[in-house]
Each structure stands twice: as structure tokens, then as C-alpha cells.
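>>> I would like to see how this sequence folds:
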Amino acid sequence: DDNWFDIGTTAYLQTDLAEDGEAVRLNTVTYAPPGDGPFPLALMHHGSTGMGTNPTDFDYIWSNDWLADLLNAHGWIAVFPQRRGRGLSDGLYDEGFASDRSEGYALEAALSIPGAERALTDANAALTALRKQPNVAPGRVLVGGVSRGGVVAILQAGSQPKEVAGVLNFVGGWVNGNVGDPTVNPTLFGRIGSFSGSVLSIYGEQDPFYTIEHSKTNVAEIAARNPNSEMQVVKLPGYGNGHWALSVPNLWEDKVEAFLRKSGNTP
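Residues are numbered from 1 along each chain as shown. Down below sits the predicted model:
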């Protein structure tokens, strides 16, 4: 069967965000399970654009068919929101840039952490708007993401702990672990706060941005606050490819399926 996964539907989401007096729409990609719904919501967040120095990359719309298909198979409607200024969403992309934006993402905490908080604002605005959709069921949601999106999911669970069923963190981090302010990533991971649901963190060996040692230190900030935190390390073929773990589903499908069973709504 060539149609083993559903194709996502792209649409704009009206939110309560505003910039310069104008309402902000966030572009979304939605993959729905078969049937009429409503379905429990899985909200999956994109990462950065590498160094942040190529503005044409900001227009790229991110989703992941493999992850969406697995979520659909377990009954979740998967939505990939594109935050302000990304993926053709309205507004300015401003998630922690250097004072001179041509230099790309800032490495220091004073600029990076407010950028993460802005991303959280967008994520929560998307969640609020999606809860009004007729095909989204009431109840707790799954949140997840890749790279910076993994951090957004952690922040979202920490900001709304009673609204979230579980967190799926693929190779999460906010600033490059090799050159960024070393306080930024652990500070943001610690903002999981009082969230007590399941957290699955998946990292790849030989990640050029986040070594396994660095990521273990970050995930330890979650584990210190949440006994239901688990970290899995996978090895990708080739050298230096660890950051792209999401692109090799046979390395993580069984791990994510086990996580989904723990997080509920599995048939």
C-alpha cells in the first residue's frame, strides 16, 4: 500500500497573538486519524534553522510524516504549529537572535532565554486555539518536538502541567552545547517544574550540537523533578549524524510506542 501514512493538511490557525495591532495567524500542518473524531491532540514543535543566518530557511514548513503516522495509529491527531515568522506564519521570527540579526542566534542567556519564552508564548497560543477546533477532543494533550522544539515542549508541560499527558523530546536543546552559554540549556530543562507525567528524551550519538554527556546533564534537570523521565540514546549510521535521529524511525518507533502506551489513549 503506497498510502501507508496520511498526508498532512496545511492551514492557518487564528490565535490570540498580536503584533503591531494586527492579529497573528500561525500556520499548521495537521495529520488526523481515520474517522470523524474528535481526537486527543498531540502538538509537535519544530526546531531552529541551524545557525539562524539564512532568512530564507525561516519559510520552511516543518512536519514529520513518520512521527505523525505513529501518533495517528495510536489515536492522536498530530498538529505541527509553525511559530511566529516560521513556516509562513505571521509575525516576526525572534527567538533569541544576536543584537545584529545577521549574526544568527544569540549564545548568551540574556537573549536566548527570552527567545525561548517567546516560543512558549506561541506554543501556548496554538494550544488555546486548537482546543476550539471541533476535531480536537477535550482532555490532556501530548507535546513534543525536535531540537529547540523539544525544549518548547518541556517548557509547555512546565507551564501547564495539568493540561499535558506526556512530553516527547527528540534531541532537545536551545543553544549549541559546544559554544553557547552553559547555563541556558539546564535552566530551560529545569522549567519542567511540577509536571509529573511521562517524559521520553531520545538523543543520537555524535550529535554535532549536543554531546551525549551534555544532554545527560540537561535531562538530569528533568529527572531531578520528575521520576517519570526516561532518556534513550540511539546510534545513527554514518558519522556525526546524531542530531537527525528523528529521520531514522526504526531507531525510535518501539520506544515511542511504549511511551504512548504509558501516556494513554492507546487502543
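
>>> with adjacent residues omitted, what lies nearest to the residue nearest the centre of the chain?
The chain has Gly145 as the residue nearest its centroid, 2.1 Å off, counting by C-alpha atoms, centre = their mean. Counting by C-beta to C-beta, 6 or more residues apart in numbering, Gly145 lies nearest to His45, which is 3.2 Å off, once chain neighbours are set aside. (Glycine included, C-beta is placed from N, CA and C.)

>>> before we move on, the earlier item: partner residues bridging the residue nearest to the centre of the chain?
His45, Asn169 (DSSP bridges).

>>> and it, how far is that from Gly21?
Here the criterion is C-beta to C-beta, to the nearest Å. By it, Gly145 lies 30 Å from Gly21.

>>> with Asp122 instead?
According to C-beta to C-beta, Asp122 and Gly21 sit 18 Å apart.

>>> ok, those two, which is more surrounded?
More neighbours surround Asp122 than the other of Asp122 and Gly21, with 24 against 5 (other C-beta atoms under 10 Å).

>>> hang on, that one in a strand?
No. Asp122: not assigned to a strand; according to DSSP: H, G, I helix; E, B strand; the rest coil it is helix.

>>> any idea of the pLDDT on the residue nearest to it when sequence neighbours are not counted?
Nearest residue to Asp122, sequence neighbours excluded (C-beta to C-beta, 6+ apart): Arg83, at 4.1 Å. pLDDT, Arg83: 98.

>>> check which helix or strand covers Arg83.
For Arg83, there is no host helix or strand (DSSP states H and E).

>>> count the neighbours of the residue lying closest to Asp207 once chain neighbours are set aside for me.
By the measure of C-beta to C-beta, 6+ apart, the closest residue to Asp207 outside its immediate chain neighbours is Gly242, 3.5 Å from it. Counted with other C-beta under 10 Å, the neighbours of Gly242 add up to 23.

>>> before we move on, the earlier item: the residue nearest to Asp122 touches Leu26, doesn't it?
Yes. Counting by C-beta atoms under 8 Å, Arg83 does reach Leu26; the two are 6.8 Å apart.

>>> could you tell me which residues touch both of those two?
Common neighbours of Arg83 and Leu26, counting by C-beta atoms under 8 Å, 6 or more residues apart in numbering, are 89, 122.

>>> now do the strands in the chain.
9-19, 22-31, 41-45, 77-81, 141-146, 164-170, 198-204, 229-234 (DSSP state E).

>>> what comes into contact with the third one?
Which is strand 41-45. Residues contacting strand 41-45 (C-beta under 8 Å, 6+ apart): 63-64, 67-68, 71, 76-81, 83, 119, 123, 126-127, 130-131, 136-137, 141-146, 148-150, 152-153, 156, 168.

>>> cool, the first one as well?
Outside of strand 9-19, the residues that reach it under the criterion C-beta under 8 Å, 6+ apart are 23-32, 61, 81, 84, 90-92, 121-122, 125-126, 128-130.
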